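*Asks:* The sequence isn't on hand, but the structure is:
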């Protein structure tokens, strides 16, 4: 039996669908614009993951609660992310601050800002849903959005684009 949502719950899901559509499009577009091969790979990977999120939101909108991956998939994603962002965040690459591509830095800043916004929107939605299983699905997506933000941050830091004060 499909889940019946309140007007607010349905509205929140429709908002999240728009956010996911935007993320899919932006990551794909930015992957084509990026100069650095590593950044292209990162953005293409995240575009595919955002498509999965969009598919999940569409399932929720028709009242179906999909199962979400467990610890193994999160661990695998973290390992893949580490490979794409140059490994351990404590390691700095040989690039000198300011030698990175300025346009790539703009793409990264925009996507980091986008991920912050989308993650915050999920946080609000999670607290508004009555169904525990839906909350868990939204929480799973939010964690992956946060991992995307972390991956972008680590990439930026490794290239000298983001200096932690």
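*Replies:* Cool, got the structure. All values derive from a computational prediction rather than experimental measurement. Numbers count the residues shown, from 1 in each chain.
*Asks:* And the residue nearest the centre of the chain?
*Replies:* residue 145 (3.1 Å; C-alpha atoms, centre = their mean).
*Asks:* now it, what's its secondary structure?
*Replies:* Three-state assignment for residue 145 (DSSP: H, G, I helix; E, B strand; the rest coil): helix.
*Asks:* State the distance from it to residue 27.
*Replies:* 12 Å (C-beta to C-beta, to the nearest Å). (Each C-beta comes from the backbone N, C-alpha and C, glycine too.)
*Asks:* and what of residue 137?
*Replies:* Counting by C-beta to C-beta - residue 137 and residue 27 are separated by 21 Å.
*Asks:* cool, residue 141 as well?
*Replies:* 15 Å.
*Asks:* do residue 7 as well
*Replies:* From residue 7 to residue 27 the distance is 31 Å (C-beta to C-beta).
*Asks:* between the two, which one's more packed in?
*Replies:* Neighbour comparison, residue 7 and residue 27: the larger count goes to residue 27, with 24 against 7 (by other C-beta atoms under 10 Å).
*Asks:* if you skip the residues just before and after it, what's nearest to the more buried one?
*Replies:* residue 47 (3.5 Å; C-beta to C-beta, 6 or more residues apart in numbering).
*Asks:* Give me the neighbour count for the one you found.
*Replies:* When neighbours are defined as other C-beta under 10 Å, residue 47 has 18 of them.
*Asks:* repeat for residue 138
*Replies:* Neighbours around residue 138, by other C-beta under 10 Å: 27.
*Asks:* Over to residue 1?
*Replies:* 4.
*Asks:* Likewise for residue 109?
*Replies:* Neighbours of residue 109 (other C-beta under 10 Å): 14.
*Asks:* In contact with it: list those residues for me.
*Replies:* 156, 161 (C-beta atoms under 8 Å, 6 or more residues apart in numbering).
*Asks:* do you know how far it is from residue 59?
*Replies:* Distance from residue 109 to residue 59, by C-beta to C-beta: 32 Å.
*Asks:* need the strands for the chain, in chain order.
*Replies:* Taking DSSP state E to define them, one finds no strands in the chain.
*Asks:* Could I get the contacting residues of the closest residue in space to the residue nearest to the centre of the chain that isn't next to it in sequence?
*Replies:* Using C-beta to C-beta, 6+ apart and skipping the chain neighbours, the partner closest in space to residue 145 is residue 119 (4.5 Å). Listed by C-beta under 8 Å, 6+ apart, the contact set of residue 119 reads 142, 145-146, 149.
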